[in-house]
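In: quick one: sequence plus predicted model below, questions after.
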Amino acid sequence: MLPEVASWWRRRTSETADWPLDTLLAAKGSTRISVVLPARDEEETVGAIVGAIRAELVEQAPLVDEIVVIDSCSTDRTAEVAAAAGAEVVAQDAVLPELGRMSGKGEALWKSLAATGGDLIVFVDADLRGFSTGYVTGLLGPLLTDPSVGYVKGCYDRPLIDGGNRVEGGGGRVTELVARPLINLHWPLLAGVMQPLGGEYAGRRALLERLPFVTGYGVELGLLLDVFQDAGLDAIAQVDLGRRVHSHQTTEALGAMSSQIMLTAWSRLQRHGRMLPLEGPSTALTQFRRGPGGHDVRVSDVAVGERPPMADVPGYARERRPMLS
């Protein structure tokens, strides 16, 4: 590692066990905390996650002030299951409807800023299996105890579950093949961030509302790079959350995801003054699949949409909800 990265690693990397609940409750004071789950067709897992957070961090210990599920146009019972487990469910398209509709995980995350009231916001993916509330407490630890930290990424081991087989360290293929090489090439000071694409992270509202949100799969990388540009390396911390098990996508789907991540990196290289492009990138992705008559060609548009910083949206203050009681 570069000396600066090694120094950051020592000072800004911790484990969930470093942040016991009593410590967080003592540090919470009047700080309001929101937990957000972006969800689309996650009826099998969202209820257990919401139920655990409500039971352990709302009812047993008053750490979390609200749990909000942003329902991203689900076609299953995600909304009903989440509400029954104790979450406030908000339909993605019902937030700031005058701004029109965009799709993708980043859209749900961006709109959650207008649909919540917390000073600190914890994001947790809704497809996790074997969820532990240590994910939430771990991410909150650096934010509640160190005012110089503005953004906390979770890191973890990611096994690849293929049918009944488990391959340790086999998950996170897009991270290892796309995101990590890009970061090491162009943002070497971020090389110590172990899970740059991980969906479990937390931040201060005052920082998050200054940032644009990519609406597609590049949202996590875009936020990390923009936090680095806005607040610097030392504003970022990471916490080892142990193990993360979730559903995995096909290789074709990962190709589209990788394309959006590369387009997001391209946009930040340009915006942050790290390159002078001669022309814009293509947003068409050509993929092939063998069929009965030979290879079938599939061309998809992987263009990356983007929402502006929420603080710049005229309806933001009006839309923001008060905290749940």
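Out: The structure has been received and is ready for your questions. Numbers count the residues shown, from 1 in each chain.
In: tell me where the stretch 101-250 of the chain has helices.
Out: 105-115, 134-145, 173-174, 180-186, 205-208, 219-231 (DSSP state H, counting those that start in this stretch).
In: so G138 touches Q238, yeah?
Out: No. At 9.8 Å, G138 does not count as touching Q238 under the criterion of CB atoms under 8 Å. In this view, the C-beta of every residue, glycine as well, is placed from N, C-alpha and C.
In: of these two, which one has the most company?
Out: G138 (29 against 25; other CB atoms under 10 Å).
In: and the strands in the stretch 51-200 of the chain, which stretches?
Out: For the stretch 51-200 of the chain, strands defined by DSSP state E, counting those that start in this stretch occupy the ranges 66-71, 88-91, 120-123, 151-157, 160-162, 165-167.
In: let me have those in TSV, extended by mean neighbour count and distance to T283.
Out: Output for the strands of the stretch 51-200 of the chain, formatted as TSV (neighbours: other CB atoms under 10 Å; distance: least, CB to CB, whole Å):
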stretch	mean neighbour count	distance to T283
strand 66-71	26	26
strand 88-91	19	28
strand 120-123	26	26
strand 151-157	23	27
strand 160-162	14	29
strand 165-167	11	33
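In: hang on, the earlier thing: what residues do G138 and Q238 have in common as contacts?
Out: S14, G154 (CB atoms under 8 Å, 6 or more residues apart in numbering).
In: what would the strands of the stretch 51-200 of the chain look like in CSV with mean pLDDT?
Out: Listed next are the strands of the stretch 51-200 of the chain as CSV, based on pLDDT from 0 to 100:
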stretch, mean pLDDT
strand 66-71, 98
strand 88-91, 97
strand 120-123, 98
strand 151-157, 95
strand 160-162, 56
strand 165-167, 53
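In: dump those to a markdown table, plus distance to S7.
Out: Below are the strands of the stretch 51-200 of the chain laid out as a markdown table (distance: least, CB to CB, whole Å):
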| stretch | distance to S7 |
| --- | --- |
| strand 66-71 | 36 |
| strand 88-91 | 41 |
| strand 120-123 | 26 |
| strand 151-157 | 17 |
| strand 160-162 | 33 |
| strand 165-167 | 34 |
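In: which of those strands sits closest to T250?
Out: strand 160-162 (11.5 Å; CB to CB).
In: let me see the mean pLDDT of whichever strand or helix holds R11.
Out: Element membership for R11 (DSSP states H and E) is helix 3-12. Averaging pLDDT along helix 3-12 yields 97.
In: cool, stretch 285-304 as well?
Out: 92.
In: what's the local residue count around the nearest residue to H272 once chain neighbours are set aside?
Out: Once flanking residues are discounted, H272 sits nearest to Q229: 5.2 Å by CB to CB, 6 or more residues apart in numbering. Neighbourhood size, Q229 [other CB under 10 Å]: 15.
In: and if you look at A191?
Out: 19.
In: now do the one 10 residues further on
Out: One way to gauge burial is a neighbour count; for Y201, by other CB under 10 Å, it gives 25.
In: okay, which residue is most central for this protein?
Out: Nearest to the mean C-alpha position of the chain, by CA atoms, centre = their mean, lies G199 at 3.6 Å.
In: so that residue touches D125, yeah?
Out: Yes. The pair G199 and D125 passes the contact test of CB under 8 Å, sitting 3.7 Å apart.
In: show residues contacting the top helix by length along the chain.
Out: In the chain, taking DSSP state H as the definition, the longest helix is helix 251-271. The contact list for helix 251-271 (CB under 8 Å, 6+ apart) reads 173-174, 177-179, 182, 186, 197, 214, 216-219, 221-222, 225-226, 229, 249, 274-277, 281, 283, 285, 287, 289, 298, 300, 302-304, 306.
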